[in-house]
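>>> need a structure here:
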Amino acid sequence: MRFQALLALLLFAAACGGDDSPKPDSHTGNHPDPMIIAGGGIGGGAIDGVVNLYVIDDATRMPIQGASVRVGTVSGTTDATGLFIANGLTGPQEVVATASGYRSEYWVGANGANMTIDMQRGNPTVPQATLMGQITGFGALPLTANHAKVALVTYSQDDKVGDAANNLTTPNNGNVCIVATANTGCNFTLVARAGSIGLIAMIYDYDSKGTQTTADDTQTLIGYAVRTGVTVSDGVAQSNQDLTLIPAGSLTTATADFGTPPAGMTAALGLVGIELGDGSGVFQLPVLNATTTSNKVPALSYFSGAHYRFSAIAQDAAMAPNNQSVVLHRALTDASFSAGTWPAAPGAATVTRTSASWTAVPGAPLQGVEYTSGSTGVLSVTSLDGTASITIPPEITLPSGSLNAKVQGLLGSFDTSDLAVDRDRDKFVAAGIANLAVP
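Here you go, the predicted structure:
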């Protein structure tokens, strides 16, 4: 189950081993037809006789054939449709799924007759392309003497894709313009994710204060430029993707109230997002913090059917935090934002290469741990029943070398026995996180 996020059951008679037949058994109990749950998830009623487990690729949504799956002492593999059907099960089970090139998945306390595991590639290849264009009218924007104009061009993010697709890097900072001479334009190159996207530039006045040190430098947001309705195909470069300046009269002031973050989490910040009405994702705008609690943002009236989003993060260090608290407010119509109630981070978190334990985040229906090796995901553990102490199953071998772990609890009004990530995505509202190095 995806935790960006977001955060299989098999058992037959022990003497008979696994059963990969695609037909439900004939026993009494709960026997729903096999069904893929969009985005991964669990449903179909409590386990009482049969479990239909699909394993599919998180990015392509295509079946993964030959994935190794296990519940209890019974093991098997998925068929050409990504399905494994297990008979003779009753009650909550643990699930293990592994496949070459994918992050391993381990579920604890799963109790649904239909399950879908969306497996993420450990180091995914992200469909992407290079876009080129200019900011129309950039050269005519006022330039204060001894200052510079800076433009940062980026693309809309998508909740349905992984972090890698939302954080592509453009070589040589081709998406950044720094101009210190009047009447000079901004020509940019941007690497963007494939799919339906929008482009936005944040434009700043940069003042170096005439010194060689950057400690006293300041930058002031002075405007935005935008382009919507862009369709990107993997590997297909596009030119003439010019951005249009948003008129000053179409800007408004956003404000943020961070309230009282959890004890020790003194570094709080907020991201203002614009959820585009055409379904092409979210523009993530400048960061607000306890010092800068207001800034200019585009008015919703400039975009058809748009809403604001406010993502607030509190943590115990500005860089490389150990503990974090995250809240997310969607579909907002007003630019006055409030973080509201902050969740606690998992307490007493301990992770090793064989186990993990923590104090559960209060009120979080989903708990779990994600193990990474550098930027490569290697294991996701999802606890659906509140379990906060796990032993890594023997069929999962973590790689040698340094590892990091993220222990987290996800909060929202969702049911862990009837959960579809795509359907219920908007129900995820907060998370408590502990980041640790694995000894």
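
>>> my guess is Gln238 meets Leu190, correct?
No: the pair Gln238 / Leu190 is not scored as a contact, 10.0 Å apart, by Cβ atoms under 8 Å. (Glycine included, C-beta is placed from N, CA and C.)

>>> overlap in contacts, the two.
Among the neighbours of Gln238, those also in contact with Leu190 (Cβ atoms under 8 Å, 6 or more residues apart in numbering) are 130-132.

>>> thinking again about what came up before, so which of Gln238 and Leu190 has more stuff around it?
Leu190 (21 against 16; other Cβ atoms under 10 Å).

>>> now do that one, the pLDDT please.
Model confidence at Leu190, given as pLDDT, is 98.

>>> same check on Ala15?
Per-residue pLDDT puts Ala15 at 25.

>>> report the mean confidence score over stretch 322-341.
In this model, stretch 322-341 has a mean pLDDT of 97.

>>> same check on stretch 124-143?
95.

>>> got it, and stretch 58-66?
In this model, stretch 58-66 has an average pLDDT of 93.

>>> next one: stretch 110-121
For stretch 110-121, mean pLDDT rounds to 94.

>>> centre of the chain to that stretch, how far?
Distance of stretch 110-121 from the chain centroid (Cα atoms, centre = their mean, to the nearest Å) equals 18 Å.

>>> distance between the ends of that stretch?
22 Å (Cα to Cα, to the nearest Å).

>>> next, the buried residues of that stretch.
For stretch 110-121, a neighbour-count test (16 or more other Cβ atoms under 10 Å) marks 110-121 as buried.

>>> swap in stretch 66-81?
67-72, 74-79.

>>> what about the closest residue to Asn123 other than its chain neighbours, distance to Ile42?
Distance criterion Cβ to Cβ, 6 or more residues apart in numbering; nearest residue to Asn123, sequence neighbours excluded, is Thr376 at 4.6 Å. To Ile42, Thr376 is 26 Å away according to Cβ to Cβ, to the nearest Å.

>>> between these two, which is the more surrounded one?
Regarding Thr376 and Ile42, a neighbour count based on other Cβ under 10 Å identifies Ile42 as having more, with 28 against 14.

>>> report the buried residues of the longest strand along the chain.
Looking across the chain with DSSP state E, the single longest strand is strand 218-232. By 16+ other Cβ under 10 Å, the buried positions in strand 218-232 come out as 221-228, 230, 232.

>>> columns distance to Ala320 on top of those, output as a markdown table?
Listed next are the buried residues of strand 218-232 as a markdown table, based on distance: Cβ to Cβ, whole Å:
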| residue | distance to Ala320 |
| --- | --- |
| Leu221 | 27 |
| Ile222 | 32 |
| Gly223 | 33 |
| Tyr224 | 31 |
| Ala225 | 33 |
| Val226 | 33 |
| Arg227 | 35 |
| Thr228 | 36 |
| Val230 | 35 |
| Val232 | 33 |
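
>>> looks like Ala140 contacts Asn183 (just checking).
Yes: using Cβ under 8 Å, Ala140 is in contact with Asn183, at 7.1 Å.

>>> what is in contact with these two at once?
Taking Cβ under 8 Å, 6+ apart as the contact criterion, Ala140 and Asn183 have no common neighbours.

>>> beta-bridge partners for the residue nearest to Asn123, please?
Note on Thr376: beta-bridge partners Ser373, judged by DSSP bridges.

>>> how close does the residue lying closest to Ser208 once chain neighbours are set aside sit to Gln315?
Counting by Cβ to Cβ, 6+ apart, Ser208 lies nearest to Asp217, which is 5.3 Å off, once chain neighbours are set aside. According to Cβ to Cβ, Asp217 stands 24 Å off from Gln315.

>>> higher neighbour count, these two?
Legend: neighbour count by other Cβ under 10 Å for Asp217 and Gln315, higher for Gln315 (24 against 11).

>>> isn't the more buried one right up against Val326?
No: in this structure Gln315 lies outside contact range of Val326 using Cβ under 8 Å: 9.0 Å.

>>> tell me the phi and psi of Gly139?
Here is the backbone geometry of Gly139 (degrees, to the nearest 10): phi -60, psi -30.

>>> can you pull the buried residues of stretch 126-133?
Across stretch 126-133, burial judged by 16+ other Cβ under 10 Å covers 126-131, 133.

>>> please apply the same query to stretch 171-181.
175-177, 179.

>>> return the subset of those residues lying in strands.
176-177, 179.

>>> ranges for the helices of this protein?
163-166, 421-424 (DSSP state H).

>>> make CSV out of those and add distance to Thr144.
Putting the helices of the chain into CSV (distance: least, Cβ to Cβ, whole Å) gives the following:
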stretch, distance to Thr144
helix 163-166, 34
helix 421-424, 48
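
>>> where among the ones you listed is average confidence lowest?
helix 163-166 (a mean of 88).

>>> buried residues in that helix, which are they?
Those would be 164-166, for helix 163-166 by 16+ other Cβ under 10 Å.

>>> where in the protein is pLDDT low?
Of all residues in the chain, those with pLDDT under 70 make up the ranges 1-27.

>>> so who does Thr416 touch?
Listed by Cβ under 8 Å, 6+ apart, the contact set of Thr416 reads 42, 109, 365-366, 384-385.

>>> what is the nearest of those to Pro32?
Lowest distance from Pro32 to the contacts of Thr416 (Cβ to Cβ) belongs to Ile42, with 11.9 Å.

>>> apart from its chain neighbours, what residue comes closest to that closest one?
The spatially closest residue to Ile42, leaving aside those adjacent along the chain, is Gly112, at 3.6 Å (Cβ to Cβ, 6+ apart).

>>> could you measure from that neighbour over to Ile396?
22 Å.

>>> check Val361 too.
24 Å.

>>> the more surrounded of these two?
Higher neighbour count among Val361 and Ile396: Val361, with 26 against 17, using other Cβ under 10 Å.

>>> spatially nearest residue to that one (excluding sequence neighbours)?
Gly409 (2.7 Å).
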